[in-house]
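Visitor: got a sequence here, can you build the structure:
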Amino acid sequence: MFSTDPVVRVKDVTIFQGQQPVLQGLTFDIEKGDFVFLVGRTGSGKSSLLKTFYADLPLRLGDINVAGHNIRGLKTKEIPQLRRKIGIIFQDFQLFPDRTVADNLMFVMRATGWRDSIKMKNRLVDVLMQVGLGSVEKKMPHQLSGGEQQRIVIARALINEPKILIADEPTGNLDPEVSSGILKLFQQINRSGTAVLMATHSYGLIKKFPNRVLKCEDGRVLDSNKDPIELKSEEDF
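Guide: Here you go, the predicted structure:
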């Protein structure tokens, strides 16, 4: 059934690291077609916020709904259902080095409930074409460049047609030209209707691809949709 609800809804939330609150009083939404940069200096709470969205950190205060799942009180057995609806992309790829590209993607399919081998093969071809790497399924990760490996990670995140991609510094290990290519891919995915939330330290990318910005600063999250946010250089975050 079609829903007009936001993909992410955050209401009166405090994010903790251990017993220490790192972000307080958070209230914002991310809609279905949104592309949002998440910025903030190291230690400002960016990664903790993202981890809370995909239930890697417990939510103790406030309410967060992600892709129809209430994060507060989410049971451990319900976490895989949540993660089938979101695509998570890390800076360090986390590919199995001893398996081919195809085996890396098939592993995720089996882990998320795929059983039909023909549908799995078709989906594998689809996601590799979507990220512009239609001919690498038999290669090992070490045979690919850093940019190609990150595209495989994006393909992996797209397998279950997520409602939102959550990317934590996905271009942190890539040079500027390759990073721009990854951003263009994210834009293409976003135009097809998938929301994108991307944490980054790259002022250059934000300047080149202007979009909504959420900024973790002094225990709060500023939102460029309603707050004045000035980003003049890498030193701002």
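
Visitor: per-residue confidence for the residue most central in space within the chain?
Guide: Among the residues of the chain, the one closest to the centroid is Ile166, at 1.3 Å (CA atoms, centre = their mean). On pLDDT, Ile166 comes in at 96.

Visitor: given the strand or helix carrying it, what are its sheet partners and their directions?
Guide: Ile166 is part of strand 164-168 when elements are defined by DSSP states H and E. Strand 164-168 has its sheet partners listed here by DSSP bridges as strand 86-90 (parallel), strand 195-199 (parallel).

Visitor: list the buried residues of the last one.
Guide: Yep, that's strand 195-199 we're talking about. Residues of strand 195-199 classed as buried by neighbour count (16 or more other CB atoms under 10 Å): Ala195, Val196, Leu197, Met198, Ala199. C-beta here means a position set from N, CA and C on the backbone, and glycine is covered the same way.

Visitor: what's the distance between the fourth one and Leu165?
Guide: By that I understand Met198. When distance is defined by CB to CB, to the nearest Å, Met198 is 8 Å away from Leu165.

Visitor: could you say what helices and strands the one helix or strand in the chain whose mean pLDDT sits lowest packs with?
Guide: Ranked by mean pLDDT, DSSP states H and E, the weakest helix or strand in the chain is helix 203-208, scoring a mean of 88. Applying 3 or more CB pairs under 8 Å, 6 or more residues apart in numbering; DSSP states H and E, we find helix 203-208 packed against strand 35-40, helix 176-191.

Visitor: change it to 7 Å
Guide: Judged by 3 or more CB pairs under 7 Å, 6 or more residues apart in numbering; DSSP states H and E, the packing partners of helix 203-208 are helix 176-191.

Visitor: what sits up against the helix it packs on?
Guide: 35, 131, 146-147, 150-151, 154, 165, 170-171, 174, 196, 198, 202, 204-205, 208-209 (CB atoms under 7 Å, 6 or more residues apart in numbering).
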